[in-house]
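**Q** I would like the atomic coordinates for the input below:
(2 chains)
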Amino acid sequence: MSEHKDFLRTIVEEDLKSGKYKEVVTRFPPEPNGFPHIGHAKSIAINFGIARDYHGRCNLRMDDTNPTTEDTKYVEALKDAVEWLGFKWDNHVRYTSDYFDKLYEYAVELVKMGKAYVDSLDEETMREYRGTVTEPGRRSQYAERSVEENLDLLERMKNGEFKDGEHVLRAKIDMSAANMKMRDPLLYRIRHAHHYRAGDKWAIYPMYDFGHCLSDYIEGVTHSICTLEFENNRDIYDWVLDTLGLEPPRPYQHEFARLGINYTVMSKRLLLELVNEGKVSGWDDPRLPTIAGYRRRGYTPESILNFCDSIGIAKANSTVDVAQLEFAIRDDLNTKVPRVMCVLDPLKVTIENYEGTEEFDAPYYPEDVPKEGSRKVPFSKEIYIEREDFSENPPKGYYRLTPDQAVRLRHGYIITCKEVIKDAEGNITEIIAEYNPESKSGRDTSGIKVKSAIQWVDAKSAKTVEVRLYDRLYSSEAPKGLDDLNPDSLKIIKDALIEPAVITEKPDERFQFERQGYFYADPVDYTDEAPVFNKIVGLKDSWSKKDKPKASRGERKPQVKKVQVEGEVEPMSEAEQALFDRYTGELGLNSMVADILARDEKLSSFYEEALSVSSSPVTIANIVANEVARELKEKQAEELKFNAKQIAELVKMVDDETISNKIAKQVFEEMAKSGANPAQIVEAKGLVQISDPAVIVPIIDEVIAKNPDNVEKFKAGNSKLLGFFVGQVLKATGGKANPQVVNELVAEKLK
RNA sequence: UGGGGUAUCGCCAAGCGGUAAGGCCUCGGUUUUUGGUACCGAUAUUCGGGGGUUCGAAUCCCUCUACCCCAUCCA
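**A** A predicted model of the protein is given here:
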């Protein structure tokens, strides 16, 4: 578990601690109507992860209430995804469709309570009646039907006596609710459709808002975690469970922000478009953000999980940089996979002073990877190197082979270029080179220093392989559709050359092709006769970034300072204006505070009341405008535990310096909670202010002695640290020290 | 426009009145027979803007702004 708890875990912990639940139960509830993608992985990681961390359980539930879109092939893909990521669902897979009978009983119950009715408006009229976000809706005339009639109609809907769309079952809530979702939401609709699991048993199917909360309840779920777009649905969630008066405990819904990644699409619509239009090879195309795609590409479950962990969980809509995902897979594979040599774009090199053959012993792992294993790498007169690793006119800082720069063949000898052979067009076709016999890797006595070692393969023994190079699918950071596709997202190299051990020994299925990236033996198309490797991700490359304009990677955007448009403030009414004038004039309040009080009737009347028993208009005003305002946000004046007179008392204690402002806030909070008199609170908790330097100085000395580093920093000019010292002293005195005095004393001491 | 949310570095993200964590990206440097890895170091005087309260504010109060979600018989 990471060091900082996310807000969901904080909630779960509190609920467990308070005894609200004995055990945490979560669920991952996808609708089986599409392939799971990395956004699902985030949800899986959260739900299963929380269950694991708090020793609870997590259900896998197919939320299959819409027979027209769902299919069993998707449930298989969903199960696969969860298993591949390494999680185990509790017991068997659950299906909302398993609860259809129970759900129907609950619906009947609601009807009997008069809380649901059969509506027979047609779709369009119903939409019209719903109103708009600014105008309230109207209730359908059918809402007046008797319980008996509703029961009868519902029964007949279930029995299939009506056509699709003829009737629906709706909750009777509030057609003028500000939350549109609460305007008599639909509970059931008629669908004469074959359900992939329930078959033809049902002619009606529950809606999400009805089925989901009850399924959670039926399964004993405690924390129903979903994405932000369901925030508005939470009211129905609560309404259904509360109205039914179910036996506690019941689940509560909590929402987090869904995952977005740049250069990537996550919506079902766009994903489907790619597949249907044949822009990708299928749901498992390695360029797709589907679980199947990442899996085929060669991503490991650990890397996906680490990624999910690294991005955190919060409520702010966000788009994660795809570089963070790429980091996760590199980081994982770095310590796991063997290093081998593969030449993608071969350039022939003939070593003129070498005869015969030999084999080099080459470890599969570099020294910093604690794994054992090695292979033989054959070598002879003719080899291939990467075309990019030779340059006739090298740019500045080029470390590889040039007409005057030697280079080491990784695990082999150092070679120098003798001659460059070109074809009629001037393309380099071959290099004639010379090797240094004293420079063999591991027993080099040549004394030659080279800038780099490059990968190569022996011409005779190398195997030809197909390598599929994947790049991001879209060239736009926030792709909207097919127009944003990256035309170069797939490059197939048919005749790359690889050292033989990779094929004959098969030490692994994932490899690092040295200096190039991580590759994966394609699980579908790979055969021993025609091996195929997918590029998972490239190595970080600080060389190519150097000269190329920073086109595609994490470049800084030009900083544009945002201009803030100041909006209009509502003008004050005449009465408010009069109050405002009196406050600023006669009572000497500053205009901000006066404004707050004058505009808020609850606040101003509270203030007036306090004023009548006090002679400190300004202090009272401050505390009313700041502290009391907070309490009055949610509550009515009558609901307050404290009264204006108590506030006046509190202010008096501040005025005569019995307590500090800081303590006053603490006391206020206590008053708001318990309604006790301020004097009592101060008395009971011994909060009287300490202003005597004789008492404070020793504490300051102690704090200073304990923090020599900070004293140094402070003296070096970090004046912010004054707050740190004051804070420490205040903490040591339980907040009772007079902060002003402490401030002066500390400043004096540290001078 | 009514309601519900959200704003802290280029991208994520801690922080809950007392020194602005961490990761990714970027940029330097050390080590290196991978221009990889690892390791060191740099990068927010400031938290969407403006005010207010306070000895002290990213945190409390007021206000403005921007963005997301809601008017499917989808989930």
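**Q** OK, contacts around A:Thr227?
**A** By CB atoms under 8 Å, 6 or more residues apart in numbering, the contact list for A:Thr227 reads A:43, A:255-258. All C-beta atoms are positioned from the backbone trio N, CA, C, and that covers glycine.
**Q** 6 Å - rerun?
**A** Contact analysis of A:Thr227 by CB atoms under 6 Å, 6 or more residues apart in numbering lists A:Arg258.
**Q** how about the host helix or strand of A:Val12, does it get close to RNA strand B?
**A** Following DSSP states H and E, one finds A:Val12 within helix A:7-17. Yes. Applying CB under 7 Å from any atom of the strand, one finds helix A:7-17 touching RNA strand B at A:Phe7.
**Q** so does the helix or strand following that helix get close to RNA strand B?
**A** Remark: after helix A:7-17, the chain's next helix or strand is strand A:25-28, criterion DSSP H and E. No. Strand A:25-28 stays clear of RNA strand B (CB under 7 Å from any atom of the strand), getting no nearer than 11.8 Å.
**Q** ok, and what's touching stretch A:286-302?
**A** A:35-38, A:81, A:84-86, A:264, A:280, A:283-285, A:329, A:332, A:470, A:473, A:489, A:510, A:520, A:534, A:536.
**Q** go again using 7 Å as the cut-off
**A** Contacts with stretch A:286-302, where a contact means CB atoms under 7 Å, 6 or more residues apart in numbering, come from A:35-38, A:41, A:77, A:81, A:84-86, A:261, A:264, A:266, A:280, A:283-285, A:304, A:329, A:332, A:470, A:473, A:489-490, A:510, A:518, A:520, A:523, A:534, A:536.
**Q** next one: stretch A:36-53
**A** Outside stretch A:36-53, the residues within contact range by CB under 7 Å, 6+ apart are A:1, A:8-9, A:12, A:24, A:26-28, A:30, A:57-58, A:77-78, A:81-82, A:85, A:87, A:225, A:256, A:258-259, A:266, A:271, A:289-291, A:294, A:304-305, A:308, A:313.
**Q** Where helices are concerned, which of the residues you listed count?
**A** Members of the contacts of stretch A:36-53 lying in helices (criterion: DSSP state H): A:8-9, A:12, A:77-78, A:81-82, A:271, A:291, A:294, A:304-305, A:308.
**Q** if we can go back for a sec, select only the buried ones of the contacts of stretch A:36-53 in PyMOL?
**A** In PyMOL syntax, the buried subset of the contacts of stretch A:36-53 is picked out as below (16 or more other CB atoms under 10 Å):
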select buried, chain A and resi 8+9+12+24+26+27+28+30+57+58+77+78+81+82+85+87+225+256+258+259+266+271+289+290+291+294+304+305+308+313
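**Q** what inclination does the strand or helix carrying A:Lys42 have with respect to helix A:7-17?
**A** Using DSSP H and E, A:Lys42 falls within helix A:38-53. Put simply, helix A:38-53 runs at 30 degrees to helix A:7-17, going by axes from the mean of the first three to the mean of the last three CA atoms, to 10 degrees.
**Q** Helix A:38-53 near RNA strand B anywhere?
**A** No. On the criterion CB under 7 Å from any atom of the strand, helix A:38-53 is out of touch with RNA strand B, staying 10.4 Å away.
**Q** Same question for stretch A:587-603.
**A** Yes. Contact between stretch A:587-603 and RNA strand B, assessed by CB under 7 Å from any atom of the strand, occurs at A:590, A:592-593, A:595-596, A:599.
**Q** Show me which residues of the stretch 101-250 of chain A sit near RNA strand B.
**A** Proximity of the stretch 101-250 of chain A to RNA strand B, by CB under 7 Å from any atom of the strand, involves residues A:121-123, A:126-127, A:130, A:132-134, A:164-165, A:168, A:178-181, A:186, A:189-190, A:205, A:207-209, A:212, A:228-233.
**Q** if I pick the residue of the stretch 351-500 of chain A found nearest RNA strand B, what's in contact with it?
**A** RNA strand B sits closest to A:Ser441 of the stretch 351-500 of chain A, with a gap of 2.5 Å, by CB to the nearest atom of the strand. Residues near A:Ser441 by CB under 7 Å, 6+ apart: A:360, A:411-412.
**Q** What values do phi and psi take at A:Val420?
**A** Backbone torsions of A:Val420, given as degrees, to the nearest 10, read phi -110, psi 120.
**Q** separation between it and A:Val349?
**A** 11 Å (CB to CB, to the nearest Å).
**Q** Of these two, give the one with the bigger neighbour count.
**A** A:Val349 (23 against 14; other CB atoms under 10 Å).
**Q** buried set for the helix or strand containing that one?
**A** Under the criterion of DSSP H and E, A:Val349 resides in strand A:346-351. Residues of strand A:346-351 classed as buried by neighbour count (16+ other CB under 10 Å): A:346-347, A:349-351.
**Q** Partner strands of it, with direction?
**A** With DSSP bridges as the test, strand A:346-351 is paired with strand A:382-386 (antiparallel), strand A:428-436 (parallel).
**Q** and the ones you listed, which is most packed in?
**A** Comparing the strands paired with strand A:346-351 by mean neighbour count (mean count of other CB atoms under 10 Å), strand A:382-386 comes out on top with a mean of 21.
**Q** got the contact list for it?
**A** A:343-350, A:454-459, A:462, A:497.
**Q** before we move on, back to that, output the ones in helices among the contacts of stretch A:36-53 in CSV, with distance to A:Leu640 appended to each entry.
**A** Below are those laid out as CSV (distance: CB to CB, whole Å):
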residue, distance to A:Leu640
A:Leu8, 33
A:Arg9, 34
A:Val12, 32
A:Ala77, 56
A:Leu78, 51
A:Ala81, 52
A:Val82, 50
A:Leu271, 53
A:Ile291, 53
A:Tyr294, 55
A:Ile304, 51
A:Leu305, 49
A:Cys308, 45
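**Q** residue ranges for the strands of the stretch 451-600 of chain A, please.
**A** A:453-454, A:456-458, A:463-470, A:490-498, A:510-513, A:517-521, A:532-538 (DSSP state E, counting those that start in this stretch).
**Q** Deepest-packed of those strands, please.
**A** Buried most deeply of these, by mean count of other CB under 10 Å, is strand A:456-458, with a mean of 25.
**Q** and that strand, what other elements does it pack with?
**A** strand A:374-380, strand A:382-386 (3 or more CB pairs under 7 Å, 6 or more residues apart in numbering; DSSP states H and E).
**Q** ok so, going back, any common contacting residues for A:Val420 and A:Val349?
**A** A:Ile431.
**Q** how about the helix holding A:Lys42 as PDB, C-alpha atoms only?
**A** Listed next in PDB are the C-alpha coordinates belonging to helix A:38-53 (Å, rounded to 0.1, in the frame of the first residue of the first chain):
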ATOM      1  CA  ILE A  38      -7.000   0.300 -18.900                       C
ATOM      2  CA  GLY A  39      -9.700   2.500 -17.300                       C
ATOM      3  CA  HIS A  40     -11.300  -0.700 -16.100                       C
ATOM      4  CA  ALA A  41      -7.900  -1.700 -14.800                       C
ATOM      5  CA  LYS A  42      -7.900   1.300 -12.600                       C
ATOM      6  CA  SER A  43     -11.300   0.400 -11.300                       C
ATOM      7  CA  ILE A  44     -10.300  -3.200 -10.800                       C
ATOM      8  CA  ALA A  45      -7.200  -2.100  -9.000                       C
ATOM      9  CA  ILE A  46      -9.200   0.200  -6.700                       C
ATOM     10  CA  ASN A  47     -12.000  -2.200  -5.900                       C
ATOM     11  CA  PHE A  48     -10.000  -5.400  -5.600                       C
ATOM     12  CA  GLY A  49      -7.100  -3.500  -4.000                       C
ATOM     13  CA  ILE A  50      -9.200  -2.000  -1.300                       C
ATOM     14  CA  ALA A  51     -10.800  -5.400  -0.500                       C
ATOM     15  CA  ARG A  52      -7.300  -6.900  -0.300                       C
ATOM     16  CA  ASP A  53      -5.800  -4.100   1.800                       C
END
